[in-house]
Structure formats: structure tokens, C-alpha cells
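>>> here are the coordinates; sequence isn't available:
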Ligand SMILES: [Mg+2]
């Protein structure tokens with residue numbers, strides 16, 4: 001596939017990675033706060049949090065509301081776990097939520113190749129956009145922290161625009177801003193529904209970043225136009241591996257937990 005005129009990028013788990021999943025961060029928080037939890041062990045506290053957050057993030061509408069106010073979502077998850085444990089320690093909710101947020105922020109990293117790839121694409125005269133779901137505050141903080149602004153012609157944050165991926169209005173708006181037709185653009189992201197299916201619905205080719213290397217889930221209703229492991233595969237001549245979806249290994253879906 002020859003390069004298009006524009007590439008739209010997802011941010012979380014596409015340009016930015018969490019060095020480790022949310023689990024170890026919650027585990028550390030439980031270890032620190034369990035002594036104040038009326039005899040509830042760190043293990044029981046962690047199990048209750050894991051169960052509650054899995055339930056919380058499993059519903060698309062709850063997910064949408066939660067990601068637009070992460071501070072409130074974290075507090076709701078902790079409060080729910082406390083309820084399930086019969087634990088009456090409301091004063092711990094804020095400090096636990098803040099400790100978790102801090103641990104998660106510390107674990108954030110740019111993928112090592114991200115900036116070089118963005119620079120290479122710009123040097124090839126491509127127009128670039130960043131499209132990220134989530135609230136303005138947390139997403140803008142990441143954009144600033146990692147110096148992403150100068151690399152993009154257009155940045156869209158769900159919390160600022162009013163709707164998020166996979167809504168076709170998101171893609172149409174960004175393409176309008178770039179002055180690019182859908183057929184002249186690719187969307188690159190790790191989320192099969194938001195980044196691949198959503199883009200395809202708008203007439204944009206959907207490139208799935210298989211960041212975990214597990215391959216397309218066998219039951220996936222979404223068929224990416226291309227699969228990449230590393231962003232460097234986007235640069236002509238730098239692709240080191242096969243990118244034909246039919247030749248990818250098949251493995252389990254990777255969950256994106258918060
Ligand atoms: Mg993502």
C-alpha cells in the first residue's frame with residue numbers, strides 16, 4: 001500500500017504506552033492502604049477492586065462517561081469495591097484514587113520509535129492528526145508532557161469535541177480540518193472498534209497496531225486493512241516483518257484496562 005496523503009493517529013497504546021498494566025499499580029495502592037482497612041487484607045482489597053473495575057469498564061456507556069471524568073471514575077471504582085467488602089472507610093477513597101493516578105502517570109512512556117516516525121512522515125510531506133478519546137485535562141496533560149503538539153496539523157480530544165471515536169463525525173471533522181478526502185487517509189490505532197472499524201465506516205483505511213503481538217482475535221468482526229507491530233513499519237523501506245493480516249498469528253484479544 002503506498003503512503004496516503006494523511007495519517008491519523010490514536011494516542012494511548014499507539015504513541016504512548018503504559019509501562020505495565022493497571023494491575024500492579026492497584027496492587028501497590030492496596031499494599032499501602034490495606035493497614036487502614038479494618039482487617040481487610042491487601043489481597044482481598046485488590047480482588048474486590050479488580051472485580052469492580054472489570055465490571056465498571058465493561059459497559060460501553062459507563063466506559064464513555066468514566067473516561068470523560070477519570071478522577072470520578074477511579075473514586076467510583078474504589079467506593080464500589082468498599083461496598084462489596086462491607087468496608088466503611090470513605091476518607092480513604094480520595095487518597096487511594098490519587099495514589100493510583102500518580103502511579104499510572106509515572107508508568108507512562110512514549111513508544112521509543114514514536115517521535116522519529118512522526119518526523120519521518122512529516123519529512124515525506126504527510127499531514128498528521130492526533131485523535132484521542134478521553135477527557136480534555138488528562139489527555140492534554142499527556143500531549144503536553146510528551147511534546148506532541150508540534151508534530152500534528154490537527155489534534156482532536158473527545159472531551160473537547162463532544163463525541164469520540166468511533167463516531168464518524170470525529171473522522172469527518174478531522175479530515176475537513178486537514179482538507180483531505182477519506183480515501184487519502186489512514187487511521188492508526190490499537191483499538192479495533194474505535195480506531196479501525198470507526199475509521200473504515202468513515203471511508204478511511206484502518207491500520208491496527210497490534211501492540212501486544214497477539215494477532216487478530218479469531219472472533220474479531222473487524223478486519224483491519226493492515227496490521228503493524230511497530231510504528232516504524234509505516235515508513236517505506238523500514239518494514240521488517242510481514243504485515244498481511246492473513247499471515248498474522250492468531251491469539252487472544254488484549255484488554256485495555258484502567
Ligand atoms: Mg488507544
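Nice, thanks for sending it over. Small disclaimer: the values here were computed from a predicted structure and weren't measured.

>>> For the nearest residue to residue 127 once chain neighbours are set aside, give its distance to the ion.
Of all residues not flanking residue 127 in the chain, residue 6 sits nearest, at 4.1 Å (CB to CB, 6 or more residues apart in numbering). Every C-beta, even on glycine, is put in place using the N, C-alpha and C of the backbone. Going from residue 6 to the ion by CB to the ion, to the nearest Å gives 19 Å.

>>> Same question for residue 145.
17 Å.

>>> Tell me the helix or strand right after the helix-or-strand element of the chain with minimal mean pLDDT.
For the chain, using mean pLDDT, DSSP states H and E, the weakest element among its helices and strands is strand 16-18, scoring a mean of 89. Per DSSP states H and E, the first helix or strand lying C-terminal to strand 16-18 is helix 22-33.

>>> ok, the residue of the stretch 151-258 of the chain found nearest the ion - how many residues close by?
Using CB to the ion, the single residue of the stretch 151-258 of the chain nearest to the ion is residue 190, 4.5 Å away. When neighbours are defined as other CB atoms under 10 Å, residue 190 has 21 of them.

>>> sorry, back to before: say whether the ion is contacted by the least confident helix or strand of the chain.
No: figure legend: strand 16-18 not in contact with the ion (CB under 5 Å from the ion); closest approach 8.6 Å.

>>> list the helices and strands that strand packs on?
In terms of contacts (3 or more CB pairs under 8 Å, 6 or more residues apart in numbering; DSSP states H and E), strand 16-18 is packed against strand 108-110.

>>> So is the strand it packs on next to the ion?
No: Strand 108-110 stays clear of the ion (CB under 5 Å from the ion), getting no nearer than 12.9 Å.

>>> pLDDT on the following helix or strand past that strand, on average?
The helix or strand immediately downstream of strand 108-110 is helix 114-123, counting by DSSP H and E. Throughout helix 114-123, pLDDT has a mean value of 97.

>>> Summarise which helices and strands helix 114-123 is packed against.
Partner elements for helix 114-123 (3+ CB pairs under 8 Å, 6+ apart): strand 127-132.

>>> Write out the residues of the stretch 1-150 of the chain neighbouring the ion.
10, 12-13.

>>> For the residues you listed, which single residue is the most surrounded?
residue 10 (24 neighbours).

>>> Setting aside sequence-adjacent positions, which residue approaches that one most closely?
Residue 10 sits nearest to residue 189 (CB to CB, 6+ apart), 3.1 Å away.

>>> Tell me if I'm right that that neighbour and residue 195 touch.
Yes: Residue 189 is within contact range of residue 195, at 2.5 Å (criterion: CB atoms under 8 Å).
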